[in-house]
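S.K.: need a 3D model of the following:
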Amino acid sequence: MSPEIEHLISLQRTDREIQRLRAEIAELPKRVALIEQKLAGTKAGLEKARAAVKTDEAARRKYETAITDLRGKISKYRDQSLDVKTNEQYKALLHEIQFAEQEITANEDKILELMVTAEAREKQVKAAEAELKEETAEIEKEKKIAHDRTAQDEKELAEWTAKRDGARGAVDPDLLRHYDRVQKFRGSGLAEVLEQRCSGCQVALRPQTFNEVRSGKMIYCDSCQRILYYDPSKEAPATEAEKNHRRRHHPKIDASQAWYYRGEHGDVGEVFLSFSNSAGSATRRVYDAASGRKLGDTVIREGAYRQAFPEDLAETIRLNGNWSDAEQDDWLDELPTAVLDSLQRDLALARAEAASHHKKETVGTPSSVGS
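M.R.: Numbers count the residues shown, from 1 in each chain. Below you'll find the predicted structure:
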């Protein structure tokens, strides 16, 4: 992984932490506001319960006053009945007394109902008071937590902001401008490549693009323009068989298909060379060893490849590979990732094998001691 990518990863990690802290600082007052809103609801419930108690008490007093007034009327009607002259007047007063007694009974029933509900009202008031007390204590606790958390977040925010300034200073200005521009519209300016996809937009990468990213080149996603990077530590671990496998079988000398690695090829550096013999002629294809990109055109010459391309075989390492001409034609301008991986693994094994042989030869050679 290139230093530029490492600086960008550090910068994006810093930016995300700053975003998280800012969001948390902004969220804490909202959290307190929700608790206060709940507290306001509890207060309203308590006031409603208390108001209901007061309403019932007022109603009870009204009924008691009515009963007192009705009893006064009954007493007056009875006094008047002693002075009446006719039977009709007496019956009229008796009717008024009976009506007043019925009204008294009705009011007494209402008072009884209020007495029954009064107990439930008192329980509601006590429950609301207890809930209010509990929530008041809770909100004070939450306010303190929010205050302490905000102070801590603001301290960390200042520290991360300082780190961000340092991280930005380590990135190339042009690259930083691209990162900032993409981050502004996409939320992030950097994306890891996972399973040959941009983790930012989930678009699959072309094999050549994937190979270039994996080789450490600075590549932008064609879809979202995020800067791409690849973390080799997340590659699937080798199986036990692969760990114990030091070298595949050596390619046959007279094989019609042959692959080679060459450290320098003209001005392009490290390459993989593909040769094939068919119908008295030889074909050569050249691929960039890091990205798998095809370099130049396919070349065809008369004779077997060893005679047709002797200049290309100097200082090479023979590799395993038996992909046909038809398969290679289907690849067009770049090696499939599986093929590139296979060649790179075989090259690593070949180098390890050569180093092991050299070490054995060095150990087995007796040292000469000068006189």
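
S.K.: switch to C-alpha atoms for all contacts and neighbour counts from now on
M.R.: Noted.

S.K.: distance of the residue nearest to residue 292 when sequence neighbours are not counted from residue 316?
M.R.: Ranked by C-alpha to C-alpha, 6 or more residues apart in numbering and with sequence neighbours excluded, the top spatial neighbour of residue 292 is residue 335, at 4.9 Å. The gap separating residue 335 from residue 316 is 19 Å, by C-alpha to C-alpha, to the nearest Å.

S.K.: what of residue 88?
M.R.: Distance from residue 88 to residue 316, by C-alpha to C-alpha: 141 Å.

S.K.: those two: which is more packed in?
M.R.: Between residue 88 and residue 316, counting by other C-alpha atoms under 10 Å, residue 316 is the more crowded of the two (16 against 10).

S.K.: look at the closest residue to the more buried one other than its chain neighbours and say how many residues are nearby.
M.R.: Of all residues not flanking residue 316 in the chain, residue 262 sits nearest, at 4.7 Å (C-alpha to C-alpha, 6+ apart). Residue 262: 18 surrounding residues under other C-alpha under 10 Å.

S.K.: do the same with the one 3 residues further on
M.R.: Residue 265: 15 surrounding residues under other C-alpha under 10 Å.

S.K.: and if you look at residue 344?
M.R.: 17.

S.K.: quick one: residue 300 is in a helix?
M.R.: No: counting by DSSP: H, G, I helix; E, B strand; the rest coil, residue 300 falls outside a helix, being strand.

S.K.: tell me the pLDDT at the closest residue to it other than its chain neighbours?
M.R.: Closest residue in space to residue 300, ignoring its immediate chain neighbours: residue 283 at 4.5 Å, by C-alpha to C-alpha, 6+ apart. Note on residue 283: pLDDT of 93.

S.K.: so residue 283 lies in a helix, does it not?
M.R.: No: assignment of residue 283 by three-state DSSP gives strand, placing it outside any helix.

S.K.: ok, it to residue 260 distance?
M.R.: Note on residue 283: its distance to residue 260, by C-alpha to C-alpha, is 13 Å.

S.K.: okay, and the common contacts of these two?
M.R.: Contact criterion C-alpha atoms under 8 Å, 6 or more residues apart in numbering; residues shared by residue 283 and residue 260: residue 274.

S.K.: show me which residues of stretch 92-100 are buried.
M.R.: Neighbour-count burial for stretch 92-100 flags 93-94, 97, 100 (criterion: 16 or more other C-alpha atoms under 10 Å).

S.K.: what ranges do the strands span in this protein?
M.R.: Remark: strands assigned in the chain by DSSP state E are 190-194, 197-198, 219-220, 227-229, 257-262, 271-278, 281-288, 299-302, 316-319.

S.K.: still on that earlier bit, helices - which of the buried residues of stretch 92-100 land there?
M.R.: 93-94, 97, 100 (DSSP state H).

S.K.: from those, which one has the minimum pLDDT?
M.R.: residue 93 (88).

S.K.: now do the same contact list for it.
M.R.: Taking C-alpha under 8 Å, 6+ apart, one finds 77-78, 80-81 in contact with residue 93.

S.K.: now those residues as TSV including neighbour count, pLDDT and distance to residue 215?
M.R.: Formatted as TSV, the contacts of residue 93 follow (neighbours: other C-alpha atoms under 10 Å; pLDDT from 0 to 100; distance: C-alpha to C-alpha, whole Å):
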residue	neighbour count	pLDDT	distance to residue 215
77	18	88	114
78	15	90	116
80	13	87	119
81	18	86	120
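
S.K.: so in this protein, where's the weakest helix or strand by average pLDDT?
M.R.: Using mean pLDDT, DSSP states H and E, the weakest-scoring helix or strand in the chain turns out to be helix 240-244, at a mean of 48.

S.K.: I figured residue 17 hits residue 160, correct?
M.R.: Yes: if you go by C-alpha atoms under 8 Å, residue 17 and residue 160 touch, sitting 7.4 Å apart.

S.K.: how far off centre is stretch 34-42?
M.R.: 31 Å (C-alpha atoms, centre = their mean, to the nearest Å).

S.K.: list the buried residues in that stretch.
M.R.: For stretch 34-42, by 16+ other C-alpha under 10 Å, it's 35-36, 39, 42.

S.K.: care to break the chain down by domain?
M.R.: Domain segmentation of the chain under automatic domain parsing yields 8-166, 175-234, 250-362.

S.K.: ends of the shortest one, what's the gap?
M.R.: The reference is to domain 175-234. 25 Å.

S.K.: what does the first one give?
M.R.: In domain 8-166, first residue to last residue: 11 Å (C-alpha to C-alpha).

S.K.: buried residues in stretch 317-329?
M.R.: 317-322, 325.
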